[in-house]
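[1] no sequence on hand, only this structure:
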């Protein structure tokens with residue numbers, strides 16, 4: 001089948017394109033650098049011709065509240081309209097475990113709007129909720145850094161590798177639409193502060209991680225289980241310690 005991957009040249013998108021291609025599907029990477037811009041609508045009609053499935057793993061270039069809301073609201077609306085006109089029969093989007101519980105953050109408010117647009121579009125859909133990626137541990141630290149100190153809450157998290165996320169997205173895309181949410185998480189549970197402490201230590205980063213129950217996570221305060229998936233989540237196989245070892 002023809003599968004168009006919006007954001008197909010990024011971290012997850014490029015992996016999804018590769019995995020789908022390995023299984024004999026026509027996977028097309030669509031992004032501004034390939035002439036497809038969901039924010040303006042440029043190139044959408046052309047790239048969606050003959051597509052059965054669209055996977056949206058794109059992300060906003062800016063995380064500022066108004067900009068990120070504009071990106072997800074406009075790009076998702078443009079994409080869904082083009083899909084309807086092209087006869088696409090399955091829309092797959094990548095989102096985040098806990099999105100509905102993180103509404104103090106402008107980014108997650110925008111992701112929630114994206115999800116609501118998908119659910120009410122009339123196009124059969126599947127939304128993949130993934131936990132935080134191993135690759136984003138440094139970004140979590142950067143957002144929580146003051147001077148040489150990283151302040152994070154000791155809440156539970158089950159981080160996941162991007163390869164496992166891509167595999168789940170690809171598998172979901174070639175299956176029947178669930179018209180709901182599929183959750184995926186990593187095999188090991190950490191405390192958020194512990195996870196970042198181990199990640200920074202592995203790269204000889206001298207910053208000190210301090211446990212602070214009120215420390216915000218991308219602008220919103222966390223509860224103990226905010227970042228955890230539900231009991232029916234698919235549990236991926238790659239462990240954080242093994243992923244770190246491969247990077248050395």
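    In hand now; what should we look at? Treat the numbers as computed from the prediction; the structure is a model and nothing was measured.
[2] all strands of this structure, in order?
    Using DSSP state E, the strands of the chain run over residues 2-6, 26-30, 53-56, 90-96, 125-130, 145-146, 149-152, 156-157, 181-185, 190-191, 208-211, 234-235.
[3] list the helices and strands the second one packs on?
    Helices and strands touching strand 26-30, by 3 or more CB pairs under 8 Å, 6 or more residues apart in numbering; DSSP states H and E, are strand 2-6, helix 11-22. Bear in mind the C-beta positions are built from the backbone N, C-alpha and C, glycine included.
[4] what residues of the last one count as buried?
    Using 16 or more other CB atoms under 10 Å as the burial criterion, the residues of helix 11-22 that qualify are 12-17, 19-20.
[5] dump those residues into TSV; add distance to residue 48 and pLDDT as well.
    Below are the buried residues of helix 11-22 laid out as TSV (distance: CB to CB, whole Å; pLDDT from 0 to 100):
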residue	distance to residue 48	pLDDT
12	20	97
13	16	97
14	19	97
15	21	97
16	17	98
17	16	98
19	21	96
20	16	97
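[6] mind listing what's buried in stretch 215-233?
    Those would be 215-218, 220, 222, 226-229, 233, for stretch 215-233 by 16+ other CB under 10 Å.
[7] what of stretch 104-112?
    105-112.
[8] same check on stretch 131-147?
    131-135, 137, 140-141, 144.
[9] show only the entries of those found in helices.
    Counting by DSSP state H, the part of the buried residues of stretch 131-147 found in helices is 137, 140-141.
[10] among those residues, which one sits closest to residue 82?
    For those, the closest approach to residue 82 (CB to CB) belongs to residue 140, at 34.0 Å.
[11] residue contacts, the nearest residue in space to the closest one that is not next to it in sequence?
    Closest residue in space to residue 140, ignoring its immediate chain neighbours: residue 196 at 5.8 Å, by CB to CB, 6 or more residues apart in numbering. When contacts are counted by CB atoms under 8 Å, 6 or more residues apart in numbering, residue 196 touches 137, 140-141, 144, 150, 152, 209.
[12] repeat that for 7 Å
    Contact analysis of residue 196 by CB atoms under 7 Å, 6 or more residues apart in numbering lists 137, 140-141, 150, 152, 209.
[13] my guess is residue 192 contacts residue 158, does it?
    No. Counting by CB atoms under 7 Å, residue 192 stays clear of residue 158, with 10.7 Å between them.
[14] so between these two, which is more surrounded?
    The residue with more neighbours, out of residue 192 and residue 158, is residue 192; 25 against 22, by other CB atoms under 10 Å.
[15] could you measure from the more buried one over to residue 155?
    As defined by CB to CB, to the nearest Å, residue 192 lies at a distance of 5 Å from residue 155.
[16] residue 239 and residue 186: what is the separation?
    Distance of residue 239 to residue 186, computed by CB to CB: 7 Å.
[17] more neighbours: which of those two?
    Higher neighbour count among residue 239 and residue 186: residue 186, with 27 against 15, using other CB under 10 Å.
[18] skipping its backbone neighbours, what lies nearest the more buried one in space?
    residue 160 (3.9 Å).
[19] again with residue 6
    residue 56 (4.5 Å).
[20] does the one you found really touch residue 4, like I thought?
    No. Between residue 56 and residue 4 there is no contact under CB under 7 Å: 9.2 Å.
[21] which of the strands of the chain has the highest mean neighbour count?
    Ranked by mean neighbour count, those are led by strand 53-56 with a mean of 28 (mean count of other CB atoms under 10 Å).
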